[in-house]
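>>> pasted the sequence and its predicted model underneath.
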Amino acid sequence: MSSKQSVLIVAAHPDDDVLGCGGTIAKLGKQGFAVHVAFMTDGVGARGRGKAAAADAKKRREAAQKACRILGIKSASYGSFADNRMDSVDLLDVVKTVENAIARYQPAMLLTHHAGDLNVDHRVVHEAVLTACRPQKGHPVRTLLFFEVPSSTEWMTPGSGPAFAPNYFVDISSTIETKMAALAAYKAELRPWPHPRSHEAITHLAKWRGATIGADAAEAFILGRAIA
């Protein structure tokens with residue numbers, strides 16, 4: 001893939017991108033790729049309504065904007081689907097949103113959620129991306145990757161969904177600190193150890209994924225499709 005081509009991250013919520021592939025985003029940006037992110041929901045709407053909810057949504061977007069700057073993301077778009085209620089809308093509406101982002105950015109690589117996550121928004125986004133990335137002649141996406149999100153991917157019980165069995169790894173030894181700095185922008189979403197969304201757990205996961213490939217730190221993916 002030429003460094004002149006773009007990469008698209010489709011994430012259900014602001015912070016999923018950093019949790020799932022923040023180190024990879026930073027690495028691609030340093031290599032000259034234009035990385036774009038499409039968020040589908042505000043990430044907080046399910047927690048309440050009214051003025052407090054609006055304030056929380058504003059803070060979450062500000063955190064997302066800060067994290068995007070740290071990672072070197074070229075642009076971010078924010079969808080209006082209901083947080084943790086994406087199963088209540090027609091899948092076609094989500095597909096069209098993803099298709100519009102693909103048409104706009106013409107990404108050669110697209111990264112999104114794993115099919116077996118516990119969070120329903122993650123699963124809907126995954127299915128929508130698959131539909132939007134049907135391998136038809138002239139489609140720009142040549143590589144399709146699915147990432148893991150701590151506190152969702154590993155919380156799905158065996159047999160309730162497909163297991164996350166990574167077969168594609170990105171060495172993020174040089175960008176793990178950038179990933180953690182971006183995560184710090186979402187400090188309101190982080191939890192104390194031993195929660196999987198704690199600073200320590202996220203670092204340990206990156207170190208373990210790195211150890212499985214002989215690197216200091218890595219992010220793991222399932223390769224959905226690669227067209228050479």
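Thanks, I have the structure now.

>>> longest helix anywhere in this structure?
Using DSSP state H to assign secondary structure, the helix with the most residues in the chain is helix 51-71.

>>> residues contacting V129?
By C-beta atoms under 8 Å, 6 or more residues apart in numbering, V129 lies in contact with V10, V98, L110, T112, H113, L144. In this view, the C-beta of every residue, glycine as well, is placed from N, C-alpha and C.

>>> should've said D15
D15 neighbours (C-beta under 8 Å, 6+ apart): G43, A63, A64, A67, L183, Y186, E189.

>>> where does the chain have its least confident helix or strand?
Of all the helices and strands that make up the chain, helix 51-71 has the lowest average by mean pLDDT, DSSP states H and E, namely a mean of 91.

>>> give me the distance between that helix and the centre of its chain.
16 Å (C-alpha atoms, centre = their mean, to the nearest Å).

>>> just the buried positions in it, please.
A53, D56, A57, R60, R61, A63, A64, A67, C68, I70, L71 (16 or more other C-beta atoms under 10 Å).

>>> leaving out chain neighbours, which residue sits closest to the second one?
If you skip the residues right next to it in sequence, D56 has V44 as its closest partner in space, 4.5 Å away by C-beta to C-beta, 6 or more residues apart in numbering.

>>> quick one: contacts for the one you found?
V44 neighbours (C-beta under 8 Å, 6+ apart): A53, D56, A57, R60, D83.

>>> just give me the closest of those to H195.
The closest of the contacts of V44 to H195 turns out to be R60 (C-beta to C-beta; 18.7 Å).

>>> list just the nearest of the contacts of V129 to Q31.
Taking C-beta to C-beta as the measure, L110 is the one of the contacts of V129 closest to Q31, at 16.8 Å.

>>> quick one on the thing from earlier: the contacts of V129 in strands, which ones?
Using DSSP state E, the members of the contacts of V129 that fall in strands are V10, L110, T112, H113, L144.

>>> any idea how far the first one is from P192?
If you measure V10 against P192 using C-beta to C-beta, to the nearest Å, the figure is 30 Å.

>>> compare these two and say which is more crowded by neighbours.
V10 (29 against 10; other C-beta atoms under 10 Å).

>>> thought that one was touching Y105?
No: between V10 and Y105 there is no contact under C-beta atoms under 8 Å: 10.6 Å.

>>> what number of residues lie near the closest residue in space to E127 that isn't next to it in sequence?
With C-beta to C-beta, 6+ apart as the criterion, E127 has its nearest non-adjacent residue at 6.4 Å, and that residue is L91. Per other C-beta under 10 Å, the neighbour tally for L91 reads 13.

>>> against L8, how distant is L91?
Distance from L91 to L8, by C-beta to C-beta: 19 Å.

>>> can you give me the helices for this structure?
16-30, 51-71, 91-105, 120-132, 176-184, 199-211.

>>> can I get those in a markdown table including distance to A38?
Shown next, in a markdown table, are the helices of the chain (distance: least, C-beta to C-beta, whole Å):
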| stretch | distance to A38 |
| --- | --- |
| helix 16-30 | 9 |
| helix 51-71 | 12 |
| helix 91-105 | 4 |
| helix 120-132 | 9 |
| helix 176-184 | 17 |
| helix 199-211 | 23 |
